[in-house]
Structure formats: C-alpha cells, structure tokens
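In: Build me a model:
(chains A, B, C and D)
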Amino acid sequence: MLAYLARRLLQLVPVLLVASFLVFVAARLTPQDPAVVMAGGRQTSTAVLEAIRAKYHLDESVPSQYLRWMAGALLGDLGESYRLKQGVSAMIAARLPVSLQLIAMSVAIALLAAVPLGILAALRKGSWVDILATSLSLAALSSPVFLTGILGILLFSYTLGWLPALGSGRNFAENLRYLLMPSVALALNMLALSMRMTRSGMIEAMRRPYIQTAILKGLPRRTIVLKHALRNALLPLVTITGLQIGFLLSGTVLVEYTFGLGGLGSLLVNAIQTSDYPVVQGLTLFIVSAFLLINLLVDLLYGIIDPRIRQA
Amino acid sequence: MSGLLSLRGLRVAFAGEGGAAMAVRGVDLELEGGEGLALVGESGSGKSATAKAILGLHDMSSTAVTGSVRFEGRELLELGEAELRSFRGRGASMVFQDPGTSFNPLLRMGEQVAEAFRSVAGLDRKAAREAALGLFSRLGIRDPVTRYAQYPHEFSGGMLQRMMILLALAGRPRLLVADEPTTALDVTVQAQVLLFLEELKEELGMAVLLVTHDMGIVAETSTRIAVMYAGRIVETGGTAEVLGSPAHPYTEALLEAMPRPGSRGTRLATILGLPPGVYEADSGCPFFPRCRHALASCMDGLPPSVEAGPGRKSACFRTHSLSLRGIA
Amino acid sequence: MRRRPKAGRAVLLAASSLVALLCLGALLAPAIAPHPPQAIDLRSSFAPPSQDHPLGADKLGRDLLSRLLYGSRSTLLAALLVVASSTLLGTVLGLVSGYAGGLVDAMLSRIFDVLLAFPALLLALLIVASVGRGMANAVIALAVVYVPTIARLVRSLTLVESRLAYVEAAQALGYSSSRIVFVHIAPNVAPVVLVQSTIDFAYSILDLAALSFLGLGVQPPLADWGAMLAEGREYLLFAPSLAVAPGLAIMAAVIAFNLLGDGLQTRFDPGRRGA
Amino acid sequence: MTGGNREGAGRPAIFEARLLEKTFPAGPRDLLGRSAGRLRAVDWVDISVLEAGILGLVGESGCGKSTLARLALRLIERDAGSLSFRGEDIGALDGRGLSRLRRSMQIVFQNPFASFNPRFRVGTVLREVLRVHRLAPGAERERTEGMLARVGLSKELLERYPGELSGGQLQRLGFARALLVEPAFVVCDEPVSALDVSVQAQILNLVAELRESLGIAFLFIAHDLRVVEHISDRVAVMYLGRIVESAGSGELYLSPLHPYTRGLIRAIPSPAGGSSFLRDRASLIRGEASRLLEAPRGCRFRPRCPVAMARCGQEEPGLTGVGPGREVACWLHHS
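Out: Numbering: from 1, shown residues only, chains lettered A, B, ... in the order given. Okay, here's the model as predicted:
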C-alpha cells in the first residue's frame, strides 16, 4: 500500500509540472498587456509601464518568469494581484473556508441521499420508487446549477422568506443557514449521478454468484444487501468520483457567483473578468493541485475497498 | 419407500425477449437419502436451472417455477422466504461452477467462512472463528491464522472450491447439489476436488446431486444417472447399466461422440442439427429431428417415460425395439 | 428482469420527439418568432405576457419568446460544433492510442492526464480567459475540454476489443492496422461513443450556458439562453420569468439529450455479443 | 528433436520452433510502475510439425500453450528463439514477407463467439479475406460458397450475422475463414473447449478430414488429453512454459514416462470406469501449478511430483531422447 501511494505521488509530479506550465502560458497568451492592466488600464507613459515591467519581471523571458513563479509557488508564494496588490496566497486563504464548507455540505447532502435512494431503487426495480427516483435524477442531472439556485432563491427567499438569498454568514454556524440553499443546488447534480451509479452497481452486484452463496448461508436479506452487495455496488461509484469532484469544483464557481458567496469560485470569475492574471494562474494552480490530490485520495480509497487493486 | 427429494413436473421459464423461455419443461426425478445421482446434459439442456430450482435460487421477479419439489415430504415451492432461508444450508445446499466468483471478492476469506458457521450452524462469533480455522487446517492450509485474513483472489481455484464444499456442508444438509463443480478447474485439480467430495460423501452420508456434462465424471462419482435433453429427462438408471447399454438414442449418441482410447483415426459419430430452442413449442419427440433411429411415428406427441429395465426409464417411443451401443 | 425493450423504446421515442421539436424550433425561428430578437421597443419594457408578447418582454422591450427561439439556434449550433469536433478527434486519438500501445499510447495518455487534471469548466474558463471571450472561443475551449474524456473512453473500449479473437483473426490474416482499427474496431465502439456524445451534447449545452452566464460566452445583445439568464437575474424580484424562462429552456434541452442518451444506452446495451 | 518419429517417417517438417522464449512483466511493481518479476510463459520450447501432420499440444491453463500459438504465428513477438516455415527463417520477416506468411499459416481460436466481428455478415467476413489478399477476383462468391460447403455449412448463412449462428457453426466458419487463403499450416488454439461434446466431435472430424483431403498440417492445442490423443499423430505435453514430454499419440497414452503426463492421464475421469482415480488415490498429482516468476531451482514440476528425488531440486532436466520418437524431461529417465 505504501509503495502504491509513493508510486502514485511520484506520477503526480510530471502531470502537475506540465499543468502548471499550461496555466502559466495560458495567462501569458492573453491579448492584454499585463503592465497596462496593472496601471489601471488608463493611458500611461511608456516609462511608467517600463518600471512596472521591471518590478514584476515582465521583461524577462517566459521560461525564466515561469521558473520564478514556480519557485515562489513551491514556497507558498503565488504572486501578487495586479488589481488589489494583495498576495494571491493570502487571498486564497481568506476565501477558502467558505468554499470548503460549501463543498463539504454538498458532498454530505449528495451521498447521504444518493446511496440509500440508489439501494432502494435497485432493490425495488421497476416499482414507483424506482421510476420516481430515476425520473427525478434525470431532472436533477439536467438542471444547470444557476437555474436551481435562482428557483431556490425565488421560492425559499422571496416567496417563503425562510432562507437568505445572497451572501454568507460571519461564522461556521451562521453559514450553515446561508449555505444550505447553495449547497443543495450544488449537490443535486452529484446526488443524481451517485444515485444512478449506486442503483446500477447494486443491480449488478445482486446478480453475482457470491450473492447466491450468501443466500445459501441463510443470511438475512439485510446482511446480504448491506454487507455483501453494497461494497461491490459502491466500486463504480468510487470510480467516477474524480469526475464528480470535477463537476463539483466547476459547480462551485457557478454557485458562488449565483449566490454572491465570497469563495474561491467567485474570486476566479472576478479575476478572469478583470484580467487579474496572477490571481487566475495562482488560483488555477491551487485548484488543480487540490483536484489531483483528492483524486489520489479517492484512488487510495478504492484500494482500501478492493484488495485486488491494493495488491496489484 | 419415502425418498429424500422428489421432483414432479418441474417447469422453469424465464422472461426473455421472445416471451417465456422454457428452460425446464417437466422434470420428474427421485433421489434417495445418501444417494449419488448425476444430472447430465449439454449446455442449454436445463440441468442448471433444475438444480437452482431445488434450492429456490431463481429470481422470482423474472422466473416462473411450477410443478412440485418435495424434500422429505415437504413442498419447497410453497415455502416462504423465512422458511426457505432456514431450509437452505440445513436441508439442502449447493456448490456452484466457478469458485472464483462464488466468494465475495471484497471480504476476507475467514470472515466469509465464519459467517456461514454463525448463520447455518448457529455458532457465536468466537466459536465460528474456531470452526473456520479448523476448516482451514482440515484443508491442509499452512499458517491458517494468516490465511484467515486473506482475500479470495489469494487462494487457488481448487482450494476455493473445496472451501465452498465445506461451507455448503456447514449445516450438515442431507442433500448437496453440485452444479458443474469442477468445470472451471484443471483436470488434475478436478480429480482432487472430486476425490474430496467423495470422501465427504462417505463421511457425512449426504446425498449428492451432481450436475455435469462429462460422462467420465458421472461414471467415476455417481451410482445413478439422469440424462437431460431440451428441458426434460430422457433417460434414468444405474450409471453402469445406462453407460453400458443406453436405452435412449440421445444417450447413445452422446457416448459415441466422445473421443476415447482407440478412437484415433476413426470418425466420431456426431449429432446433427440443434436441439429445439427455448421458445419452441413441443411437436413430437424433441430429439426426433436429430435421431438416427427415428420413425415417422415419433412425431406423434411426446414420448412417455417408460420402464426400460430394473430401475431404469427412458422417454423414447422405441425403447423396447432398439438395441443401442454403449461403452464397455 | 432485464428492462423491458418496450419501455426502452418508449424512452427513445419520447427523447427523439423532444430533440426533433427543439431542432424544429431553432430552424423555423425566423418564421415563427413574433419579433426580431434584437428589436428594441422601450414602450414594452418589462411588458407582461400579452397577445403581442406571448411571454412578455425584457427591460429593453425585446420579445422574450422570440429571443428564446433565436437563442436555441446559437445554443444548439454551438453544442453541435463542440460535440462533433471533440468526438471526432477524441475517437481517432482513442482508437490510435488503444490499438497502437507503446510510446504513442504513453505520450497521448500523458497529455490526457494533464488535461484531465483540470476540472472541466475550469479548463474552459482558463482557455477563454487566455484567448478571449465570445462564442467561437467558448466552442473551441469546450471542444478541447471534451476531447480527453472521449479519447480515454474510446481507448479503453479499443483495448477490450483488441483482445477479442476477431481482431487477432484479422491480424493473423495479415490485415493492415488501419483496416483493423477503422473497419473492424471502430464500428464496435461506435454505439458507446454515440451514447457518450449524446450525453456530452447535454453537458455542452450546460457548459456553454455556464460560460455565457459568467459573461464569457456569447456576448450581448445576441440572444443566448445563458446570457439572457444572467441579464434576467438582475430583475429577479419583479420579472422572474426573464431569468426562469431561459433557464427552463436550457433544462428542457438538456433533459431531451440526456433522455436520448439513456434511451440509446438501453437500446445498445443488452446482449451485444453471445456468450 | 521432436522431428524423427515413426508416424511421419520421411516427411519433412513444415514448421519448427527452436528455443522459443517469451516472458511477460508480472508481480509487484516498483516506484516507477515497473514489474520486478517476469512471468516465464514460454521457456525454451522446441516443437516441430511435419508436413500434413498433426501435433497435439496439451497442458493445463496457464502453461503457456496459447502464448506459444501466438508466438508461432508472430501475432506477438518472442523474446528469443527461432521460427522456421518449410526451412525458411520466418522470425525476422516483416512487411511483405509477413503478409506472405499470413497466407501460409493460419489460426482458429477458442471462443467462436468472439472470433467474428459482430457487425459484419458472414459473407462480408469471407469476401474481405479474398479482397485483402486479392484472391479469386470476380469469383469471390463461388469461392466463399465452395469454402462453406467444404466445412459443412450451407450457403444461406452468407447473409446471416455471427450472432445468429450456433457455437458449432461459428467454429466451422472459423475454419472456413482460415482456409480461404489456402494455408499449409493451421494452428488450432483450443478450438473445441467451448463446445459441447456432440459439436466437438463434428469439429474433430472436420480437422481430420481437412488433413486427409488437403494435406494441411495442424498444431492442435487443447487441455483435454482425450481430445488431443484422438486427433494427433504426436503429442507434446507442456507444463509451466516447457515441453516435458513428447511422443507418438498412442504411445504417450499407453506408456507415459513423465510423472506429470502419468498424473494427467490418471486424472481423466473415464466413462468406462475401472481405472478410477478414486480407487487409486496415490497416483493423484498434488497441489496446483503456480505462475513462474523466476527460473525455478531444479525441476519445475518437483513441488507437485509424487516421485521427486534429491537431484530434482538441484538441476532442471532437459528434454532428452529416450527411444525412437520419444523425448522426456525427467531425471527418472535420464541414463
């Protein structure tokens, strides 16, 4: 297992290096001159622009700028925002908690609902529970998060007045209320997909010969389902977790934007809209690294569930 | 004489894309306590579906099982889920074809064995663990404590099948149904597993219904044989008698198609054509189109199963007028 | 019991009719839209639904129904471009990668690894941020984002097919690699690719709308569902239909393609090969 | 060498392999994902098939017999060793040479259901062979129909899809496809193991008939010793990547020399009864073959051998002639 972990970590290095280079180059490809952006976009004298370029090493070659940036990144310094003149790392740190809480709540909501629903739908295949769950999951899969969000605001904030429409609270507890609607909106897609995977995994698992062995042992149905079938049924769900997390991170951007939450997603959108490239590249690098690490953790989880993978 | 197991007019039909797929079309079969009976047939003959029906293992949402399955006088097809659960493992038990898929790949082997002792034999956690470790030792597994914590993929196919057999016998059932238990194994391992099964049969005295396609295995293991064709039993009798002088043309054809010592350089007899499909309705003897001894009259209805000697039956119109070749 | 073929056929029929309806609406927009999509009429600002404006009008008095109808054109066309280009490229790369193996496979796989290291929308955002906003760039960005997913899928299918005896038989008969890949393997992976590209069609409608919603896709004043929704969001309190209507249009289109994907999957899935 | 046997006295070899070797990466992997071990799938194998002869190759699953089949046809590449067809070194052929070889050597596979592209009609499959090799231009229909008749299939099948055919029909079709290029040598990789006994008999008869009438030579691979002995002139027994015994078919069956061969024969359940292994437990081979990840110390069969000696743990016996046309790799039979 340790060797497996080490091997997977080692494999991450080149991927992350190339990805970071892509991120860096993408930010350099833009038609706008960073120096002009930094100067506030107004007409500025060439001398001032030259000074800005020299200060931020924009006059150096792209590879050397990249190396400088990466060296900083490794030490936790992702550069400085053109607009706000703040350190990108500090900006990320300030906005991370909201995003983390949002994502954590969404994952919890999605999985807690999806797995039982999926099991139920699989065991009662063809029943009204199954048909209802499958149809609703289609709707949930098909609704853009910003639409779900807007409908939620219309219903729960404007009409019923139960939940705040926009913004976030001052602390974790207050946030539970503020983030409830955004996290449900964000969770729906994952919930639907997870429900479908659990359902099909369960149906498949219940057909396997080892389930017949379990039946022969005279085990109660509960044990057969929860102990023998469920683990196997969850394997396909774990397999697509990487995909799900990708959706989740993408969805976070939209949800934060829709609900005016001050998290990483809205930071990214604002930075892109205002051509604040240090923020764009720093934040992208951060998200990509996090994404890769989560995927690695999921792979390890897969190894924990499935001994055949662990020992391969 | 009250038998252990009695099948009467057993039918199994699966819901398929072309309607009801009739896998078993009326099987009558008797099994005495402690007896070894082999159920033989080619693929699609309905032998596995018959075996699963005895244990009530068909998925009832898509399968219709009708007729009668009596075990020690009790009608199994009328049992509820709870009664079936206590019957399985204690009354009758089963071993499947592929030991590699018979065990849950994600659970430790020891746990899977101990679980059976807890459930079927009613042992507590500690006693079940002891029983499982004892089972490991009995199988000659070195270092049973380490192996207890290993997973199915770390065991060989032959070992898994032997474990499966012992698991199936944990509740001391009077009948063991073995569905092609050695088909997935190599021939040397097959011999080991068959021998193992034979020893257990002697030791525990349970009846064994062995489902197989291999006449050699039948001859080695079972005192009686039932030959299945297209969802029906066409011939039953003592193994030596049936193989030595078959009463049904299908049995004869099967035996003649087998390569055997001394057959080199000769043409093997073959059975032309295909068995009737699972959706096809009966018309005359099902073997008629492929039968070398068929007469035009064989198309008139289903041949009844008739006496063909002491303890023997054959479902052929010409049972008494044919003299068929067997193997010496 | 297997899902009954009848139910599968009903899903397929419903989905195809929905998709057909969408395409018809987009094609006939100039004929059936009551107004030109960009026609400003300040007297009708925030007009409620009426004979003249069946769904009402927006702040500039532009007819909502007409804008929705025209919006479907850009959405469907853009999604089609994204899916067609990414499927074509992804399939070819996946086939080659899976069949050739060795160095070619290793290099392509590493490239896909890197692209897949980005959450999908994030990569699209990054590309749009660097090449500039607008519909054409959004299409390019999403096409790039979708290629590795398709390629991975096709690669794994190709690996499975390559091990089947019919491919080995073709090799033993001395058929050329390109014949084996494109004549023999490709038709056998096609059904799965078709299902995936249908689902991708649904996803690309969502992603395109998301880019427009963030102001990085189709630019105003062009009629586009995502952009309309973003605009309408500002008047959510007193004219909710301006945001909700385009949102529901997006959802309906996505449901149609997801349903089509589901239907195709049940159609292709059962018993593809004997034994 | 496997060549000089009584059955084929005077006939030259059509196909020969010498010191053939193939390993696959296996076992635990290191930090860079490379496997430490190499599975020795085919380990110094010599075989030769005579013109119009049938060499049977028998062994249990994982012994390397299917790998050997693919090596012979160069569907996969060997690590070492030489291959020759009618005296010509075919190991180094590429491009045009290989394409010419494909017309001389063909293969029929184990699983008939996977052997055909499910999307092509039978007629398309067969005509494609002729087209690619530019055979019988203009007479494709006659050729394919003739070939179907040759393997005992009706020409109505031309319009059917493989999914509509039975296993036996598909396996005949496999022979038809292989025979269209008029090969002189056909490798059969477990062609009957997926089939019922009645269909198996049809295929065995077909192989015998093809050899008689067309003079085709076969390498016939199976795990069923009875099948191999029925169809072959000579039989080679393979164990964990190596040939351990070879002899004329009848001779091998009557008087096996290698303990493995003996155990293999004893393990076959016999429908005639009498020779039951259940009554003669001592002759049973113990244990199961495990994968060879490194060269074994001593004889590779020793862990399961009922008659192993001290020497068997030190040195691996080579295949040695012990009589006319008989070879065995066992210290018991080395003088």
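In: hmm, who's touching the helix or strand harbouring C:Leu126?
Out: Secondary structure here is read from DSSP states H and E; on that basis C:Leu126 sits in helix C:120-131. Where contact means Cβ atoms under 8 Å, 6 or more residues apart in numbering or on different chains, the residues beyond helix C:120-131 that reach it are A:23, A:26-30, A:246-247, A:249-251, A:253-254, A:268-269, A:272, A:275, A:280, A:284, A:287-288, C:115, C:118, C:137-138, C:140-142, C:144-146, C:207, C:210-211, C:214, C:216-217. For every residue, glycine as well, the C-beta is placed using N, CA and C.
In: starting at the chain centroid, how far to the host helix or strand of A:Leu248?
Out: A:Leu248 belongs to helix A:241-259 when assigned by DSSP H and E. What separates the centre of helix A:241-259 from the centre of its chain is 5 Å, taken as Cα atoms, centre = their mean, to the nearest Å.
In: next one: stretch A:113-129
Out: 26 Å.
In: same question, stretch B:108-117
Out: The chain centroid and the centroid of stretch B:108-117 are separated by 25 Å, computed with Cα atoms, centre = their mean.
In: before we move on, what about stretch B:239-254?
Out: Centroid separation for stretch B:239-254 versus its chain: 18 Å, with Cα atoms, centre = their mean.
In: Establish whether that stretch and chain D are in contact.
Out: Yes - among the residues of stretch B:239-254, B:240, B:243, B:253-254 lie within reach of chain D under Cβ under 8 Å from any Cβ of the partner chain.
In: For that stretch, buried residues please.
Out: For stretch B:239-254, the neighbour count (16 or more other Cβ atoms under 10 Å in any protein chain shown) marks B:239, B:241-243, B:245-254 as buried.
In: OK, now which residue of the stretch 151-300 of chain A is nearest to chain D?
Out: Per Cβ to the nearest Cβ, A:Asp299 is where the stretch 151-300 of chain A lies closest to chain D, at 13.6 Å.
In: Just give the closest residue to that residue, not the sequence neighbours.
Out: A:Arg8 (6.3 Å; Cβ to Cβ, 6 or more residues apart in numbering or on different chains).
In: ok, and the one you found, which helix or strand is that part of?
Out: Going by DSSP H and E, A:Arg8 is in helix A:2-28.
In: circling back: so which of the residues of stretch B:239-254 next to chain D would you say is closest to chain A?
Out: Set against chain A, the nearest of the residues of stretch B:239-254 next to chain D by Cβ to the nearest Cβ is B:Leu254 (27.5 Å).
In: residue closest to the middle of the chain?
Out: Just going to use chain A. Note on chain A: the residue nearest the mean C-alpha position is A:Leu249, at 2.4 Å, using Cα atoms, centre = their mean.
In: that's the wrong chain, I meant chain C
Out: Averaging the C-alpha coordinates of chain C gives a centre point, and the residue nearest to it by Cα atoms, centre = their mean is C:Phe201 (1.9 Å).
In: what does chain D give?
Out: Centre of chain D computed as the mean C-alpha position; nearest residue by Cα atoms, centre = their mean is D:Ile221, 2.8 Å away.
In: same question, chain B
Out: Using Cα atoms, centre = their mean, the residue of chain B that lies closest to the mean C-alpha position is B:Val211, 2.3 Å off.
In: other SSEs contacting the helix or strand harbouring D:Asp43?
Out: Here D:Asp43 is covered by strand D:35-50, with elements defined by DSSP H and E. Helices and strands touching strand D:35-50, by 3 or more Cβ pairs under 8 Å, 6 or more residues apart in numbering or on different chains; DSSP states H and E, are strand D:13-29, strand D:54-58, helix D:65-72, strand D:217-222, strand D:242-248.
In: Same list (these) but as JSON lines, adding distance to chain C.
Out: Compiled in JSON lines, these are given as follows (distance: least, Cβ to the nearest Cβ, whole Å):
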{"stretch": "strand D:13-29", "distance to chain C": "14"}
{"stretch": "strand D:54-58", "distance to chain C": "17"}
{"stretch": "helix D:65-72", "distance to chain C": "8"}
{"stretch": "strand D:217-222", "distance to chain C": "13"}
{"stretch": "strand D:242-248", "distance to chain C": "23"}
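In: Nearest to chain A, out of the ones you listed?
Out: Closest approach to chain A among those is made by strand D:13-29 (7.0 Å; Cβ to the nearest Cβ).
In: Pull out the buried residues from that closest one.
Out: Of the residues in strand D:13-29, those buried by neighbour count under the rule 16+ other Cβ under 10 Å are D:13-18, D:20-23, D:26, D:29.
In: try stretch A:45-58
Out: Residues of stretch A:45-58 classed as buried by neighbour count (16+ other Cβ under 10 Å): A:49, A:52-53, A:56, A:58.
In: what's the burial count for residue 146?
Out: No chain specified, so I'll use chain A. By the measure other Cβ atoms under 10 Å in any protein chain shown, the count of residues near A:Phe146 is 27.
In: if you could check chain D rather than the one you did, that'd help
Out: Residues near D:Gly146, counting by other Cβ under 10 Å, number 14.
In: And for C:Leu121?
Out: By the measure other Cβ under 10 Å, the count of residues near C:Leu121 is 25.
In: could you check the distance from B:Ala128 over to A:Ile215?
Out: B:Ala128 sits 18 Å away from A:Ile215 when distances are taken as Cβ to Cβ, to the nearest Å.
In: out of those two, which sits in the more crowded spot?
Out: A side-by-side neighbour count of B:Ala128 and A:Ile215, using other Cβ under 10 Å, places B:Ala128 first with 23 against 20.
In: Show me what the strand or helix carrying the more buried one is packed up against.
Out: Element membership of B:Ala128, judged by DSSP H and E, is helix B:125-138. Secondary-structure packing of helix B:125-138 (3+ Cβ pairs under 8 Å, 6+ apart): helix B:109-120, helix B:144-148, helix B:157-168.
In: could you dump those to CSV with mean neighbour count and mean pLDDT?
Out: Formatted as CSV, the entries for the helices and strands packed on helix B:125-138 read as follows, by neighbours: other Cβ atoms under 10 Å in any protein chain shown; pLDDT from 0 to 100:
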stretch, mean neighbour count, mean pLDDT
helix B:109-120, 23, 93
helix B:144-148, 15, 93
helix B:157-168, 24, 94
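In: Would you mind giving those as CSV with distance to C:Leu108 added?
Out: As requested, the helices and strands packed on helix B:125-138 are arranged in CSV below (distance: least, Cβ to Cβ, whole Å):
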stretch, distance to C:Leu108
helix B:109-120, 40
helix B:144-148, 43
helix B:157-168, 37
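In: Of all these, which one is nearest chain C?
Out: With Cβ to the nearest Cβ, the closest approach to chain C among these belongs to helix B:157-168: 20.5 Å.
In: That closest one vs chain A: in contact?
Out: Yes - with Cβ under 8 Å from any Cβ as the threshold, helix B:157-168 lies in contact with chain A, specifically through B:164, B:167-168.
In: D:Arg291 and D:Gly64: what is the separation?
Out: For D:Arg291 relative to D:Gly64 (Cβ to Cβ), the value is 10 Å.
In: and the longest helix for chain C?
Out: Secondary structure assigned by DSSP state H gives helix C:64-100 as the longest helix of chain C.
In: any idea which element residue 100 lies in?
Out: If you meant another chain, say so; for now it's chain A. Assigned by DSSP H and E, A:Leu100 belongs to helix A:88-123.
In: Oops, wrong one, chain B.
Out: According to DSSP H and E, B:Gly100 maps onto helix B:99-102.
In: ditto for B:Ser6
Out: strand B:5-16.
In: Tabulate the CA atom coordinates of stretch B:210-230 in PDB.
Out: Output for stretch B:210-230, consisting of C-alpha atoms alone and laid out as PDB, is shown next (Å, rounded to 0.1, in the frame of the first residue of the first chain):
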ATOM      1  CA  LEU B 210     -24.100 -33.700  -9.400                       C
ATOM      2  CA  VAL B 211     -24.800 -31.600 -12.400                       C
ATOM      3  CA  THR B 212     -22.200 -32.200 -15.200                       C
ATOM      4  CA  HIS B 213     -21.700 -32.500 -18.900                       C
ATOM      5  CA  ASP B 214     -18.900 -35.000 -18.500                       C
ATOM      6  CA  MET B 215     -19.800 -38.700 -18.800                       C
ATOM      7  CA  GLY B 216     -16.400 -39.600 -17.300                       C
ATOM      8  CA  ILE B 217     -17.200 -37.700 -14.100                       C
ATOM      9  CA  VAL B 218     -20.600 -39.400 -14.000                       C
ATOM     10  CA  ALA B 219     -19.000 -42.900 -14.200                       C
ATOM     11  CA  GLU B 220     -16.400 -42.000 -11.500                       C
ATOM     12  CA  THR B 221     -18.800 -40.500  -9.000                       C
ATOM     13  CA  SER B 222     -22.400 -41.400  -9.200                       C
ATOM     14  CA  THR B 223     -24.400 -44.700  -8.900                       C
ATOM     15  CA  ARG B 224     -27.300 -43.300 -10.800                       C
ATOM     16  CA  ILE B 225     -27.600 -41.100 -13.800                       C
ATOM     17  CA  ALA B 226     -30.300 -38.900 -15.300                       C
ATOM     18  CA  VAL B 227     -29.800 -37.600 -18.900                       C
ATOM     19  CA  MET B 228     -31.400 -34.300 -19.800                       C
ATOM     20  CA  TYR B 229     -32.300 -33.100 -23.200                       C
ATOM     21  CA  ALA B 230     -34.100 -29.900 -24.100                       C
END
